[in-house]
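Participant: this one's structure only:
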């Protein structure tokens with residue numbers, strides 16, 4: 001009986017404060033939609049940046065020496081904590097790469113025997129750029145190493161741009177979340193004011209604070225669930241229909257499948273609705289005094 005009452009009263013706030021409820025659901029929807037879009041676009045940006053980083057290899061040019069000496073250097077490079085794998089490029093292979101990149105007519109030299117042997121280092125994913133920068137002088141100082149080629153500035157630029165995008169997205173999301181919480185808070189506050197007589201009567205017959213709060217928490221959860229459904233649908237229409245049609249770009253789902261983001265958006269919306277309603281209920285129900 002009490003559960004039926006809690007559920008019935010939980011949804012009755014939509015009738016008692018229709019405009020406030022609509023505004024609250026709209027704010028929650030926008031907050032969850034923006035967070036979902038930012039999460040998906042952010043994931044694709046991160047994936048693109050990681051792909052670009054993976055394509056930037058480090059090449060270690062070797063001093064003249066025997067194949068065994070070169071092999072010793074390669075084993076030492078393989079043991080570095082930033083290195084996932086090494087590929088040996090012989091002088092002949094280096095000449096073939098040069099001709100493939102620039103063509104046989106791209107050099108005035110009769111032959112390319114002067115090109116040194118080298119190792120191409122495949123770096124581990126997500127290695128901090130500071131760790132790479134610290135490793136380069138150590139590699140260059142190794143015996144048997146002539147020089148190191150790595151576009152460190154490009155890697156720094158990619159990481160800096162990603163950091164800027166992340167901070168801007170987090171700031172926008174935080175602002176919208178705050179607005180949504182305040183609007184949910186305001187909606188529940190209006191509902192509580194509309195039910196002050198009922199709340200006083202319940203207190204007179206001995207109802208606990210927790211029991212009185214439950215319908216308002218249910219109302220916040222209902223608002224969160226409704227907003228989640230709209231926001232998920234909006235994210236799908238925007239990023240799976242509009243963006244591919246307009247920009248010819250296909251955005252992947254975070255972690256490779258849809259349900260991670262959909263589940264996260266739903267849980268996030270429910271938490272926002274619950275927090276806003278709990279905040280208002282805790283503050284204003286206790287302030288409702290019993291008439292004497």
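Facilitator: Cool, got the structure. Keep in mind that what you see is a predicted model, and the values were worked out from it rather than measured.
Participant: So for this protein, which residue is the most central one in space?
Facilitator: residue 39 (4.6 Å; Cα atoms, centre = their mean).
Participant: for it, what are its contacts?
Facilitator: 254, 261, 264-265 (Cβ atoms under 8 Å, 6 or more residues apart in numbering). (Each C-beta comes from the backbone N, C-alpha and C, glycine too.)
Participant: Then residue 231?
Facilitator: By Cβ under 8 Å, 6+ apart, the neighbours of residue 231 are 28-30, 32-33, 36, 265, 269.
Participant: can you do 10 Å?
Facilitator: Listed by Cβ atoms under 10 Å, 6 or more residues apart in numbering, the contact set of residue 231 reads 28-37, 262, 265-266, 268-269.
Participant: rewinding a little: in which helix or strand does the residue nearest to the centre of the chain reside?
Facilitator: Assessed by DSSP states H and E, residue 39 sits inside helix 18-54.
Participant: Okay, angle between the lengthiest helix in the chain and helix 18-54 too, please.
Facilitator: Longest among the helix segments of the chain by residue count, using DSSP state H, is helix 152-194. With axes from the mean of the first three to the mean of the last three Cα atoms, to 10 degrees applied, the angle from helix 152-194 to helix 18-54 works out at 170 degrees.
Participant: low pLDDT regions in the stretch 51-200 of the chain?
Facilitator: Within the stretch 51-200 of the chain, the stretches with pLDDT under 70 are 95, 97-114, 195.
Participant: switch the cut-off to 90
Facilitator: 51-58, 63-70, 84-85, 87, 89-117, 122-134, 142-143, 146, 149-200 (pLDDT under 90).
Participant: Distance of residue 84 relative to residue 154?
Facilitator: For residue 84, the distance to residue 154 equals 19 Å [Cβ to Cβ, to the nearest Å].
Participant: Identify the farthest-apart pair in the contacts of residue 231.
Facilitator: 30 and 262 (17.3 Å; Cβ to Cβ).
Participant: Count residues in the vicinity of residue 123, would you?
Facilitator: Neighbouring residues of residue 123 were enumerated by other Cβ atoms under 10 Å; the total is 21.
Participant: swap that for residue 83, please
Facilitator: If you count neighbours by other Cβ under 10 Å, residue 83 ends up with 19.
Participant: so what's it up against?
Facilitator: By Cβ under 10 Å, 6+ apart, the neighbours of residue 83 are 58, 76-77, 119, 121-124, 127, 135, 139.
Participant: For residue 126, which non-adjacent residue is closest in space?
Facilitator: Nearest residue to residue 126, sequence neighbours excluded (Cβ to Cβ, 6 or more residues apart in numbering): residue 50, at 7.2 Å.
Participant: picking up where we left off before, got TSV for the contacts of residue 83, with distance to residue 96 too?
Facilitator: Shown next, in TSV, are the contacts of residue 83 (distance: Cβ to Cβ, whole Å):
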residue	distance to residue 96
58	20
76	26
77	22
119	16
121	20
122	20
123	24
124	28
127	29
135	28
139	25
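Participant: What subset of those is buried?
Facilitator: Neighbour-count burial (16 or more other Cβ atoms under 10 Å) applied to the contacts of residue 83 gives 58, 76-77, 119, 121, 123, 127, 135, 139.
Participant: just the contacts of residue 39 now: which is nearest residue 197?
Facilitator: Nearest member of the contacts of residue 39 to residue 197, counting by Cβ to Cβ, is residue 265, at 37.7 Å.
Participant: The nearest residue to residue 179 once chain neighbours are set aside: neighbour count?
Facilitator: Distances taken as Cβ to Cβ, 6+ apart put residue 27 closest to residue 179, at 5.9 Å, once the chain neighbours are dropped. Neighbour count of residue 27, defined by other Cβ under 10 Å: 24.
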